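[1] need the 3D shape of this:
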Amino acid sequence: MNQPTPPVPHVGDGPPARSKVTGTLAALACAACCALPPLITAGVLTAAGAALLQQTLLAVAATLTAAALVMWWLHRRRTARPAVPAEHDQGCGGRCASGKSAPNPAGVGRGGCGSRCSPVAGGVTGGR
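    The predicted structure follows:
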């Protein structure tokens, strides 16, 4: 019997590992910043040292968060699938990707660049 094959999972759907690591480091820097008041109370840090450390940790957390977001965005941009398969991409050059005129099924792209490739009785033309 013919059984349908299970769908293949998409490899690039989740965030990249480098973005996860950077985000985790940003969360740790934020948690360390939140741990400063108990350290001051316990006498481990002076108020001046804690103020300097707090500003540094906030800057590090913000920088790491921004870096994680940029890496995630670049990953999504590189792995994005085109809206139209390349073999059907007609662009705006007046001809289809193959260099030949091709039919325009069901009037897709009327009024736009894709409307140049349209069916005509007895053949196919793609003129302007």
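[2] tell me which residues in the longest helix along the chain are buried?
    The residue-count maximum for a helix in the chain (DSSP state H) belongs to helix 47-79. Residues of helix 47-79 classed as buried: Ala50, Gln54, Leu57, Val60, Ala61, Leu64, Thr65, Ala67, Ala68, Met71, Trp72, His75 (neighbour count, 16 or more other CB atoms under 10 Å). All C-beta spots, glycine's among them, are computed from the backbone N, C-alpha and C.
[3] packing partners of it?
    For helix 47-79, the packing partners by 3 or more CB pairs under 8 Å, 6 or more residues apart in numbering; DSSP states H and E come out as helix 17-34, helix 36-41.
[4] let's test this: mean pLDDT of that helix, rounded?
    Averaging pLDDT along helix 47-79 gives 92.
[5] and which of the buried residues of helix 47-79 is nearest Pro15?
    Closest to Pro15 out of these is Trp72 (5.0 Å), distances taken as CB to CB.
[6] and the closest residue to that closest one other than its chain neighbours, what does it touch?
    Among residues not flanking Trp72 along the chain, Ser19 sits closest, at 4.5 Å (CB to CB, 6 or more residues apart in numbering). Listed by CB atoms under 8 Å, 6 or more residues apart in numbering, the contact partners of Ser19 are Ala68, Leu69, Met71, Trp72, His75.
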